[in-house]
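Any chance you can model this:
(one chain, ligands or ions: 1)
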Amino acid sequence: MPYDPKAIRRLDDRPTVGLANLPTPLIRLPRLGHVLGTERLWVKMDAETGFALGGNKVRKLEYILAPSELKEVTCLITSGGPQSNHCRVTAAFAARKGLRCVLVTNSGPDGEPSGNALLQRLFGAEVVIVEDRIERAPKMTTVADKLRVAGEEPLVIPIGASTPLGSLGYAQAAIELCDQLDRLDDGCSETLVFSASSSGGTLAGMILGLTLLDRTDVHLTGVSADATAQHLDTACRDLAEMAAITILETQIDPSVVPFKSVDDQVGEGYGIPTTASMEATELFGKYAGIVLDPTYTSKAAASLIAHLRSHPLKHHQRAVFLHTGGAPGLLV
Ligand SMILES: Cc1ncc(COP(=O)(O)O)c(C=O)c1O
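Predicted structure coming up:
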């Protein structure tokens, strides 16, 4: 797939809300790197996208909530777990714009809401609780139907904002990251990027952006928070391809960019810390002053740490931890 300037122009021309503080910084972590045996460890701080405590969802919602997408919309409906970062950012946007917001979450918080669950309520969202994750999507449809009858114009945002439109946020992030990498002048010709992955939009967008740039020197690893690696691999590549065709009017081969999903950090399941994720949280805190969350970023960081220990970086390689946010989840 050759470099595709026309598709990149279409991406640049897509309207956004202007919520995020971009570019997010790319920062070298010498103390943490020293502990892990490398001078070439970096973090791309998407925890600092800014709006409503930041994270990766801000980049995706930039496109999904663009004025051209909202028009007559009076109400946003979305779903997630009780500690969903995506629900937090959606609720904050609704508050800022004066829209109604309904969040469908599987199980509520035990006791008083804290972390993201607290923030969702603070932002004025109405929370509808269902028993199981699989009930979330049908419940959103039921809620939307009821609201329509009541005269509202709802916009249903699929879980994690991982739609073709939402994934454009990470196509732009890939372009932003490559621009930063190209200016490092550190003699490295290969970059290993580790990121948390769940509904797939973040990695799909990265694959899309890197493919449009024809960047095979950036190797992506998506670290699963829940699903199998095989499921995520397919979901991310399919979503990248769909975004290219349906929005950027181009064809891509999503297998050109080096990308793999791994699921060896899930442990006992979604949101349940592991020994390795707790160690990652400690190391990032102690040696870099960086907060990781228990569900996503600590597991992705654990994967990066395990990789650095078992496969020390070669002289031409650097490693980048794509920090996708989620700090409120640590404070529950
Ligand atoms: C902090 C954080 N990191 C990573 C992810 C995973 O991103 P995606 O759903 O785009 O795969 C999520 C959302 O699920 C998240 O909230």
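
Around the ligand, which positions in the stretch 51-200 of the chain sit nearby?
Gly55, Asn56, Asn85, His86, Gly160, Ser162, Ala196, Ser197, Ser198, Ser199, Gly200 (CB under 6 Å from any ligand atom). Placement of C-beta: from N, CA and C, glycine included.

Now do the strands in the stretch 51-200 of the chain.
All strands of the stretch 51-200 of the chain, identified by DSSP state E, counting those that start in this stretch, fall at 75-80, 100-106, 126-130, 154-156, 190-197.

Show me the contact partners of the fourth one.
Right, strand 154-156. Here strand 154-156 makes contact (CB atoms under 8 Å, 6 or more residues apart in numbering) with 69-70, 73-78, 102, 140-141, 143-144, 147-148.

between those residues, which is nearest Phe123?
Leu76 (11.0 Å; CB to CB).

Looking at the stretch 1-150 of the chain, which residue is nearest the ligand?
Asn85 (3.5 Å; CB to the nearest ligand atom).

possible to save the residues of the stretch 51-200 of the chain next to the ligand as JSON lines with neighbour count and pLDDT?
Putting these into JSON lines (neighbours: other CB atoms under 10 Å; pLDDT from 0 to 100) gives the following:
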{"residue": "Gly55", "neighbour count": "29", "pLDDT": "98"}
{"residue": "Asn56", "neighbour count": "32", "pLDDT": "98"}
{"residue": "Asn85", "neighbour count": "29", "pLDDT": "98"}
{"residue": "His86", "neighbour count": "29", "pLDDT": "98"}
{"residue": "Gly160", "neighbour count": "22", "pLDDT": "94"}
{"residue": "Ser162", "neighbour count": "26", "pLDDT": "96"}
{"residue": "Ala196", "neighbour count": "28", "pLDDT": "98"}
{"residue": "Ser197", "neighbour count": "32", "pLDDT": "98"}
{"residue": "Ser198", "neighbour count": "26", "pLDDT": "97"}
{"residue": "Ser199", "neighbour count": "24", "pLDDT": "96"}
{"residue": "Gly200", "neighbour count": "26", "pLDDT": "98"}
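
In helices only, show me these.
Among those, the ones falling in helices (DSSP state H) are Asn56, Asn85, His86.

which ones are touching the last one?
In this case it means His86. Lys57, Lys60, Thr78, Gly80, Ile159, Gly160, Ala161.

do the first one as well
Contacts for Asn56 were tallied using CB under 8 Å, 6+ apart; they are Asp46, Thr49, Asn85, Gly169, Tyr170, Thr202, Thr324, Gly325.

In helices, which of those residues fall?
Secondary structure from DSSP H places Asn85, Gly169, Tyr170, Thr202 of the contacts of Asn56 in helices.

Just put those residues in a markdown table and tack on distance to Leu65.
Shown next, in a markdown table, are those (distance: CB to CB, whole Å):
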| residue | distance to Leu65 |
| --- | --- |
| Asn85 | 15 |
| Gly169 | 11 |
| Tyr170 | 16 |
| Thr202 | 17 |
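
just to revisit the earlier point, now the strands of the stretch 51-200 of the chain in TSV, please, with extra columns for distance to Phe259.
Listed next are these as TSV, based on distance: least, CB to CB, whole Å:
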stretch	distance to Phe259
strand 75-80	25
strand 100-106	29
strand 126-130	33
strand 154-156	29
strand 190-197	9
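
Ok, which of the ones you listed comes nearest Asp233?
Judging the strands of the stretch 51-200 of the chain by CB to CB, what sits closest to Asp233 is strand 190-197, at 9.6 Å.

what's stretch 10-29 in contact with?
Looking at what lies outside stretch 10-29 - CB under 8 Å, 6+ apart - the contacts are 40-46, 48-51, 54, 58-59, 61-63, 65-68, 93, 168, 171-172, 175-177, 179-181, 212, 247-250, 287-288, 290, 320.

Among the residues you listed, name the buried ones.
Burial by neighbour count, judged by 16 or more other CB atoms under 10 Å, picks out 40-46, 48-49, 51, 54, 58-59, 61-63, 65-66, 93, 168, 171-172, 175-177, 180-181, 212, 247-248, 250, 287-288, 290, 320 from the contacts of stretch 10-29.
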